[in-house]
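Participant: give the three-dimensional model of this entry:
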Amino acid sequence: MSETSKLINGLKSELKTRGLTYKDLAQRLNLSEPSVKRLFAEESFTLERFAKACEVVGTSIHSILKTSDGRDDGGLAHLSLEQEEMLASDPDYFGVFHRLLHGYKMSYVQNRMQLSDAQFTRVLVALDKIGVIDLGPGNVVKFKTPRLIRWDNDGPLMKTYGEKVRQVYFKDPFLGPATYCRFLTGPLSDRVAIIAEDRLRKVCREIEDMWEWDMRSKPKDPRRHHGILVACKPWDW
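Facilitator: Numbers count the residues shown, from 1 in each chain. Next comes the predicted model:
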């Protein structure tokens, strides 16, 4: 069963659990019943429509993703300390793993990293050795980790690359489509600050759900790598 099928079946299960029919869902989405049936049969939900369907049913993409994966911690995967230490020890290790993990083709990654065939194979063997990929004949790679990983803020990778990444991130101007940056500063009571933090955490979970949906599906539009920064702390200048 494909990943998309798992998600569609998860939504079907939610309908059944709540005693809802395709007709009920169609009415809540302002669609015809045949249109809703076609969305399920052809597995042609867009992210926006799938999220709306979850909302009107009374569930969320996050809940369905967690159920379909059998996850019970409500979060993304973490690598072990040893795996992070190895990736942080050599820029080639992390660069290759990070790009392959996000769906870039082997040839693109090798050219982007400016690695010879021997160097590229050396990196793949090292990644196989620490258990993040399974390297087969002809350098065929299968991931042994989920495609979405949460890096520990105090882990080796963030300590090694975090500050450099932040500097590069803010160096480029925030211009063009799908681009937004707004910095807010002002007084907040502790009570309101806690509420703001909770809202930001929810936004992050929603974006993670979008990423996971997009990685599982096969969108018609090409993917471009995005960097999203969410931050909040007591601060003055």
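Participant: longest helix in this structure, please.
Facilitator: Across the chain, the longest stretch assigned as helix under DSSP state H is helix 190-216.
Participant: show me what that one is packed against.
Facilitator: Of the remaining helices and strands, those touching helix 190-216 by 3 or more C-beta pairs under 8 Å, 6 or more residues apart in numbering; DSSP states H and E are helix 3-17, helix 47-57, helix 61-69. For glycine as for every other residue, the C-beta is placed from the backbone atoms N, C-alpha and C.
Participant: which of the residues in stretch 211-224 are classified as buried?
Facilitator: Residues of stretch 211-224 classed as buried: W211, E212, W213, M215, R216, S217 (neighbour count, 16 or more other C-beta atoms under 10 Å).
Participant: what's the span of it from first residue to last?
Facilitator: End-to-end distance for stretch 211-224, by C-alpha to C-alpha, to the nearest Å: 12 Å.
Participant: what's the domain layout of the chain?
Facilitator: Here the domain parsing of the chain from automatic domain parsing is 3-69, 81-143, 156-216.
Participant: give me the contacts around stretch 147-158.
Facilitator: Stretch 147-158 has contacts (C-beta atoms under 8 Å, 6 or more residues apart in numbering) with 75-79, 81, 84-85, 87-88, 94, 101-103, 208, 211-212, 215.
Participant: going along the chain, name the helices of this protein.
Facilitator: 3-17, 22-29, 33-42, 47-57, 61-69, 81-88, 91-101, 106-113, 117-129, 156-171, 190-216.
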